[in-house]
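1. Here you go, sequence then predicted model.
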Amino acid sequence: MADARLTVRACGPLVSVQDAGRFGMLRFGVPASGPMDRFAHAAAHAALGNAADAAAIEISLGGLELACESGELTCCITGGEFRVVHAGMSTRSWCVRTLRAGDTLAVRPGAWGSWAYLAFAGALDCKRWAGHAATHAASGLGGGLLAAGATLVVRDAAVREDREGELPLPELARPRALARVVLGPQTERFEADAVAALLREGFALTPAYDRMGVRLAGPALALRDALSIPSEAALRGSLQVAGDGVASLLLADHQTTGGYPKIATVLTCDLDGVTQLRPHDALRFEAVQAGAAVALARAHTAAARHALAQIAQPRGSLHERLMRENLISGVVAQALRPW
C-alpha cells in the first residue's frame with residue numbers, strides 16, 4: 001500500500017487531530033483531551049475497520065476542505081449532521097467515501113451538530129505527545145491544530161470498496177437537550193434554591209464554547225461560602241459555578257484542578273449528545289441517584305457496542321451488493337426473455 005497526501009485548502013478554528021484520549025495523567029496536570037464526541041470518533045474508525053484509538057480529524061463548525069494531491073484512500077465522516085461535498089457531489093455525514101488524486105472533500109455545518117470526525121483507511125502521520133496524538137487545543141500538544149496550507153500524509157493508505165456508502169445514524173448519536181446529572185460534590189455550598197433552579201429552569205449554551213468547556217445562560221446559581229474551598233480535582237462533565245453564579249460545563253480539555261464549586265456532574269453517557277448542541281440551543285438537567293447513573297452508563301455502553309458492531313460490518317463490493325439485491329440476476333433474466 002502506498003501513502004496518500006492531502007492539502008488543507010480551508011479550515012475553521014479548533015479543527016484538530018484527536019485519538020481516543022490521553023488517560024491516566026490527570027495527577028500530572030494533563031487532561032485526557034481526545035474527541036468531544038467519543039462515540040462518533042469511534043464510529044468513524046469502526047466503519048473503516050480501524051483500531052478504535054487511531055487518530056482522526058475533529059472538525060468544528062468552521063468546517064474543513066481538503067484536496068487529495070496524490071494516492072487514493074477511503075475515508076469516513078461521522079459526528080453531527082454536516083454537509084459533505086466530494087468530487088462535486090453533496091451528501092450528509094455518516095458516510096464512507098474514497099478520495100483519489102485530484103478529488104476535493106469539504107465538510108461543512110449542516111442541519112445540526114457542532115463536531116464532525118474524518119477518519120482515514122490508513123495511519124495518519126502526525127505528532128504525538130506522551131504517547132498520544134490527542135490534541136490539547138490551548139497548548140497545541142499532541143497531533144496539533146490544522147490550518148490552511150498544511151499537508152496531511154496517510155501512511156499505508158487503502159481503498160476499502162466494501163465499506164463505501166451511507167452509514168446508519170444511531171439514535172444515540174443525536175444531540176441531547178436533556179442531560180442527566182448526579183448532584184454534588186458541593187451542593188451544600190450553594191443557597192437552598194440553587195439546586196431547585198438547576199433542575200427546574202432551562203439553560204442554553206452560549207457562544208463561549210470551546211474544547212475546554214461551555215458557559216451556560218440561565219438562572220444564577222447563588223453561592224454561600226463556596227469560593228473559600230480549596231482546589232480539588234475536576235472532571236469532564238462537571239458543572240462548576242463561578243462567583244457570579246454562572247454555570248459552566250467542563251469538556252474534553254478541562255482543567256485538572258480548580259477551586260470553583262461543582263453543583264452536579266453530567267453522566268458520561270449523555271456528554272457526547274450534549275457536545276453536539278450548538279450555541280443558543282436549549283439544555284435542561286435531570287437528577288438521578290448514583291446507582292441509577294451506573295445502570296444508565298452500563299446500558300449506554302451496551303447500546304454503543306451494538307451500534308459500533310453494526311457500523312463495522314463491511315457492506316461488500318459493488319458486485320456483492322448487487323447480487324444481494326438480486327439486481328444482476330434480474331437484469332440477466334430480463335435480457336434472456338424473448339420479445
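-> Thanks, I have the structure now.

2. And the pLDDT for the most centrally placed residue in the chain?
-> Taking Cα atoms, centre = their mean, the centroid of the chain lies closest to residue 37, which sits 2.4 Å from it. We have a pLDDT of 98 for residue 37.

3. Need the nearest residue in space to it, chain neighbours excluded.
-> residue 272 (4.6 Å; Cβ to Cβ, 6 or more residues apart in numbering). C-betas here are computed from N, CA, C, even on glycine.

4. Provide a list of residues in contact with the residue nearest to the centre of the chain.
-> For residue 37, the contact set (Cβ atoms under 8 Å, 6 or more residues apart in numbering) comprises 79-80, 115, 117, 173, 272, 275-276.

5. Could you rerun that using 10 Å?
-> Contacts for residue 37 (Cβ atoms under 10 Å, 6 or more residues apart in numbering) come out as 43, 58, 78-80, 113-117, 173, 175, 252, 271-276.

6. what do you get for residue 133?
-> By Cβ under 10 Å, 6+ apart, the residues touching residue 133 are 16-20, 22, 33-34, 53-56, 124-127, 142-144.

7. re the thing from before, surely the residue nearest to residue 37 is in a strand?
-> No: counting by DSSP: H, G, I helix; E, B strand; the rest coil, one finds residue 272 to be helix, located in no strand.

8. buried residues in the longest helix seen in the chain?
-> Criterion DSSP state H: the longest helix present in the chain is helix 290-311. Using 16 or more other Cβ atoms under 10 Å as the test for burial, helix 290-311 gives 293, 296, 300, 304, 307-308, 311.

9. And those residues, which is closest to residue 264?
-> Closest approach between those and residue 264, by Cβ to Cβ: residue 293, at 11.1 Å.

10. Check the spacing between the closest one and residue 5 real quick.
-> Distance, residue 293 to residue 5, by Cβ to Cβ, to the nearest Å: 46 Å.

11. re the thing from before, okay, the buried residues of helix 290-311 in a markdown table with distance to residue 87 and pLDDT next?
-> Shown next, in a markdown table, are the buried residues of helix 290-311 (distance: Cβ to Cβ, whole Å; pLDDT from 0 to 100):
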| residue | distance to residue 87 | pLDDT |
| --- | --- | --- |
| 293 | 46 | 98 |
| 296 | 42 | 98 |
| 300 | 37 | 97 |
| 304 | 32 | 97 |
| 307 | 29 | 97 |
| 308 | 28 | 97 |
| 311 | 23 | 97 |
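
12. which residues of the protein score low on pLDDT?
-> For the chain, the stretches with pLDDT under 70 are 1, 226-227, 317-339.

13. And stretch 107-115, what's buried?
-> Residues of stretch 107-115 classed as buried by neighbour count (16+ other Cβ under 10 Å): 107-109, 113-115.

14. Make a markdown table from those residues and add distance to residue 200 and secondary structure to it.
-> Shown next, in a markdown table, are the buried residues of stretch 107-115 (distance: Cβ to Cβ, whole Å; DSSP: H, G, I helix; E, B strand; the rest coil):
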| residue | distance to residue 200 | secondary structure |
| --- | --- | --- |
| 107 | 39 | strand |
| 108 | 37 | strand |
| 109 | 32 | strand |
| 113 | 28 | strand |
| 114 | 26 | strand |
| 115 | 29 | strand |
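
15. for those, which one is nearest residue 263?
-> Checking the buried residues of stretch 107-115 against residue 263 with Cβ to Cβ, the nearest one is residue 114 at 23.7 Å.

16. so that closest one touches residue 207, yeah?
-> No: counting by Cβ atoms under 10 Å, residue 114 sits too far from residue 207 to count as a contact (11.4 Å).

17. list the residues that contact both of those two?
-> Shared contacts of residue 114 and residue 207, defined by Cβ under 10 Å, 6+ apart, comprise 214, 278-279.
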